[in-house]
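S.K.: give me a model of this one.
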Amino acid sequence: MSKRILIIEDEPPIRTYLQKLLRRAGYDTLAATDGEEGLNLVRSLLPDLVLCDVVMPKLNGYGVLDALKRDRATAHIPFVFLSSKTHCADIEQGLRLGSDAYLTKPIEQTHLLGIIAAQLG
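M.R.: Next up, the predicted model:
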């Protein structure tokens, strides 16, 4: 059974690109268009990994991660930020909240796939 990855990304072209890339790599993908929808999908479907943008409507990525880490049912799910926020303070905040990795856009395909593979063991 292939691993299921939830992509939480509000930009349709990026979301579509990530879905195609991950499917070609053999992963099942789910997608959410904002943080609120993403949080609900994580809680109901318990994916194997969450790949999440930071800047999104309704609930930003930091809020999604904080909510997931506070819930015993979801705290163990590997969480990777993929964001255009590249300042050290942004990256540090994501890691401090418990993100397993913080990647900045644009991302190199092999780097992203390597990070995902490492998180999924």
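
S.K.: so where do the helices sit in this protein?
M.R.: 12-24, 35-45, 61-69, 88-96, 109-120 (DSSP state H).

S.K.: list the buried residues in the fourth one.
M.R.: Right, the one you point to is helix 88-96. Taking 16 or more other C-beta atoms under 10 Å as the basis for neighbour counts, the residues of helix 88-96 that come out buried are 90-91, 93-94. In short, each C-beta sits where N, CA and C put it, glycine included.

S.K.: between the residues you listed, which is closest to H111?
M.R.: Minimum separation from H111 among the buried residues of helix 88-96 (C-beta to C-beta) is found for I91, which lies at 15.0 Å.

S.K.: in this protein, what helix or strand scores lowest on average pLDDT?
M.R.: Using mean pLDDT, DSSP states H and E, helix 88-96 stands out as the lowest-scoring helix or strand of the chain, at a mean of 86.

S.K.: got any ranges where this protein has weak pLDDT?
M.R.: For the chain, no stretch is flagged by pLDDT under 70.
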